[in-house]
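S.K.: Got a predicted structure plus its sequence, pasted below:
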Amino acid sequence: MLSKESDPIQYWEAPSAGEVGATIEEFLEQLGSPTWIYVPGRDHSRCRVITTLLHGNEPSGLHAVHAWLRSGDTPQTDLYFCIASVKAAQHPPGFHHRMLPGRRDLNRCFRPPYKDAEGVLAANMLHRLCAVRPEAVLDIHNTSGSGPSFAVVTSNDARHVALTSLFTQHLVITDLKLGAIMEFEGGDFPITTIECGGCHDPHAHQLAIDGVRRFALKKDLFDNDSMTANLVLYKHPLRVEMIEGSEIAYADHAIDGPDLTLHSDVEHFNFGEAPAQSVLGWFGPRGISCLTARDPIGCEHIEHYFEVRDNQLLTRQPLRLFMVTKNPDIALSDCLFYLVPVNELHRH
Ligand SMILES: [Zn+2]
């Protein structure tokens, strides 16, 4: 049974298939707060960890954990699940809020100081990871906008690549430091972020369910697999952000007022190629100065990749855009999208 502790994370040991609620809503109701679940495997000398629901509006990973637990199957190694932002997910209307109103984004809290509730939770998760010394950690998310799946890692070594290939053929390598769990370097285990596509994309939940089964059942996670041959690598994407205090809208024509109106179709650029001179939207009176794209050492690149003509925001060269979102809150508080120039794409 669930044990409620003073710890920020409660513990559920070896739930049987019948104990787990029939729907993910019932499952969340059972949890009620952040939960660490232990599932004994065939080989107790090794373990693997899946963290998910760091963002309350990204349910694919929760579907996958729920499906695994309801299957009653035995994993190859011991398995731990950490379901994090249970309360944000339950906050009405359900699976709508990335975090609780007024609170910090949990996946920006995995670095000191660990002071507020999110920081304490993040620190506790890292402490638990180090304590169980897993072979590998997956952190499962959905993208804010609609689009295909991809993985995000800080290093494209063989272990991260093998984990990626359980789910997807698109691999983003980044050294941006945002405080995400995958940036953690204090343990000798690879952490791979899986973005299953948008939560309303038809295949996102199934991709998570199938990938988690492969992760749980594979005997050796890191043996060579033909799937890794087809990986496309996106190295060190730039984050395109709006400067603080900007306003954004989405429409199929220019709108008076906001600093930027993004085309209502802009999500279709997710992982498709945006050729040079693609129109992404329209600027307000401030023009391109409302946008910024700085690299990790602080150099500004926005005018290298974009230009303005007749108030239109145009690409200067062929670009791959991803994490394009039509959620204005995410666009303003996190970023508009990431980009990699097409001539810098790599095949693994
Ligand atoms: Zn997320």
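M.R.: Looks like it arrived, so ask away.
S.K.: Tell me the predicted confidence for the residue nearest the centre of the chain.
M.R.: The residue lying closest to the centre of the chain (Cα atoms, centre = their mean) is His141, at 3.9 Å. We have a pLDDT of 98 for His141.
S.K.: so after the helix or strand containing it, what's the next helix or strand?
M.R.: His141 is part of strand 137-143 when elements are defined by DSSP states H and E. Next in sequence after strand 137-143, counting helices and strands by DSSP H and E, comes strand 150-153.
S.K.: Against which helices or strands is whichever helix or strand comes after that next one packed?
M.R.: Later in the chain than strand 150-153, the nearest helix or strand by DSSP H and E is helix 158-164. Using 3 or more Cβ pairs under 8 Å, 6 or more residues apart in numbering; DSSP states H and E as the contact test, the elements touching helix 158-164 are strand 150-153, strand 170-173, strand 191-198. Every C-beta, even on glycine, is put in place using the N, C-alpha and C of the backbone.
S.K.: Out of the ones you listed, which gets nearest to the ion?
M.R.: Across those, the ion has its closest neighbour in strand 191-198 (7.4 Å, Cβ to the ion).
S.K.: List of residues touching that closest one?
M.R.: Here strand 191-198 makes contact (Cβ atoms under 8 Å, 6 or more residues apart in numbering) with 60-61, 136-153, 160, 163-164, 167-168, 180-182, 184, 203-205, 207-208, 211, 323.
S.K.: that older thread, His55 is in contact with the residue nearest to the centre of the chain, correct?
M.R.: Yes: with contact defined as Cβ atoms under 8 Å, His141 counts as touching His55 (6.3 Å).
S.K.: Flag every buried residue along the top strand by length along the chain.
M.R.: Criterion DSSP state E: the longest strand present in the chain is strand 43-52. For strand 43-52, the neighbour count (16 or more other Cβ atoms under 10 Å) marks 46-52 as buried.
S.K.: Equivalent analysis for stretch 186-196, please.
M.R.: 189-196.
S.K.: Tell me the residues of the stretch 101-250 of the chain that contact the ion?
M.R.: With Cβ under 5 Å from the ion as the criterion, the stretch 101-250 of the chain comes near the ion at residues His141.
S.K.: thinking again about what came up before, so what does the following helix or strand past the longest strand of the chain touch, helix or strand wise?
M.R.: Counting by DSSP H and E, the element after strand 43-52 in chain order, helix or strand, is helix 60-71. Of the remaining helices and strands, those touching helix 60-71 by 3+ Cβ pairs under 8 Å, 6+ apart are helix 24-31, strand 35-39, strand 43-52, strand 77-83, strand 137-143, strand 191-198, helix 204-217.
S.K.: tell me the mean pLDDT over the last one?
M.R.: Yep, that's helix 204-217 we're talking about. On average, helix 204-217 scores 98.
S.K.: Give me the buried positions along it.
M.R.: Residues of helix 204-217 classed as buried under the neighbour-count rule (16+ other Cβ under 10 Å) are 204-205, 207-209, 211-213, 215-216.
S.K.: picking up where we left off before, now the helices and strands packed on helix 158-164 in TSV, please, with extra columns for mean pLDDT.
M.R.: Listed next are the helices and strands packed on helix 158-164 as TSV, based on pLDDT from 0 to 100:
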stretch	mean pLDDT
strand 150-153	95
strand 170-173	93
strand 191-198	96
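S.K.: Now tabulate these in a markdown table and tack on distance to Met242.
M.R.: Formatted as a markdown table, the helices and strands packed on helix 158-164 follow (distance: least, Cβ to Cβ, whole Å):
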| stretch | distance to Met242 |
| --- | --- |
| strand 150-153 | 22 |
| strand 170-173 | 21 |
| strand 191-198 | 21 |
